[in-house]
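Novice: Provide a 3D model corresponding to the input given below.
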Amino acid sequence: MDLEALRVFVQVAELGSLTKAAVLLDTVQPAVSRTIGTLERDCGGRLFHRTGRGLVLTEFGEQVLPRVKDLLLQSSLLADEMKSGGGLATGEVRLGILPSLADPAIYKLYAKARDLFPNVRLHILEGSTGQIDEWLSNGRIDIAIRFRYSDAVSPNEHVLGAVGTYLVSAPGDAVTEGPTIEFQALHGLKLVLPGFPNPLRVALDHFAKQNRVALTVVLEADSLPIQKKMAAIGEAYAVLATHAVTSEVAAGTLQVSRLVNPSLERKIELATTTQKPLSLACREIASLVRRIYEEIFANAS
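Specialist: Residues are numbered from 1 along each chain as shown. Just a heads-up that it's a prediction; the model follows:
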């Protein structure tokens, strides 16, 4: 089997387009088309239906795609294990992270990994909590950095630290002028919040019902920049962790007050996939992430 041809097949199947696959593979569309044609001849069957909107897997293509993905995964793991035989971390590590947790951890991770593990390639994916959970469960990412609210921790999870939750507003706002604000004060405020099933939104609604607080959500936005912009222009209050707005607070473009009674403390968690064995590179990067967050919380205290 030509592993490179199989990789092309997977990219075309996932993107549904020869042109998009060519861009991702840094080649030209005719070369991708020839590869697929040769692979179909070798297989003795059509892998794709050609439609006006692109390429769609045939029934045969749908049958072989999971097996091809597994073959490529095992090939990659074997290559990494062989290269790591002398104790040298090598290969790609895919890490999923919430946008609000990326700064400054990812930049520190890149700098340290570059110096300590020059043969490791980092692939960072930003996404919502739901996306990251899905990527972790299907093995698309090796490591996840996310929030959690429950105290239960499974063997593949590690709590990195905890952060408070803050009401975020435009500078000079009277509601957030103090260092803390009672949860009850959210009653009737115009809010911009992520949509369901975001864990923060679920927790806010839970505590709101417990405390008989009416949440007035004028805009649902899963985008962190949109939430911060709405708060900065005074159109609505956002509810975020303080590290998500550190630079804006320092620059004087946002103002924050910590929510108390209840405080909605959020734990930052590192989790690893259970869909495949972790390579040496993944284990080293996971360990490095833990050390970086220890430094971040030590400096913040």
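
Novice: For burial, what's the neighbour tally of the nearest residue to Leu288 once chain neighbours are set aside?
Specialist: With CB to CB, 6 or more residues apart in numbering as the criterion, Leu288 has its nearest non-adjacent residue at 5.8 Å, and that residue is Lys112. Yep, even glycine has a C-beta here, placed from its N, CA and C like the rest. Number of residues near Lys112 (other CB atoms under 10 Å) recorded here: 16.

Novice: Quickly find the element holding Lys112.
Specialist: helix 105-116 (DSSP states H and E).

Novice: then that helix to CSV, C-alphas only?
Specialist: Extracted as CSV, the C-alpha positions of helix 105-116 are listed here (Å, rounded to 0.1, in the frame of the first residue of the first chain):
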residue,chain,number,x,y,z
ALA,A,105,0.3,29.3,27.9
ILE,A,106,0.6,28.3,24.3
TYR,A,107,3.4,30.8,23.5
LYS,A,108,5.4,29.6,26.5
LEU,A,109,4.8,26.0,25.5
TYR,A,110,6.0,26.7,22.0
ALA,A,111,9.2,28.3,23.2
LYS,A,112,10.0,25.6,25.7
ALA,A,113,9.1,22.7,23.4
ARG,A,114,11.3,24.3,20.6
ASP,A,115,14.3,24.3,23.0
LEU,A,116,13.7,21.0,24.8
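
Novice: What separation is there between the closest residue to Leu186 other than its chain neighbours and Gly52?
Specialist: In this structure, Leu186 finds its nearest non-sequential neighbour in Val213, 5.4 Å apart by CB to CB, 6+ apart. Noted for Val213: a distance of 52 Å to Gly52, by CB to CB, to the nearest Å.

Novice: Give me the more crowded residue out of these two.
Specialist: Comparing Val213 with Gly52 by other CB under 10 Å, the one with more neighbours is Val213, at 18 against 4.

Novice: For that one, which residues are in contact?
Specialist: Phe183, Gln184, Leu186, His187, Phe207 (CB atoms under 8 Å, 6 or more residues apart in numbering).

Novice: Surely the last one is in contact with Leu264?
Specialist: Yes - in this structure, Phe207 sits in contact with Leu264. The criterion is CB atoms under 8 Å, and the distance is 6.7 Å.
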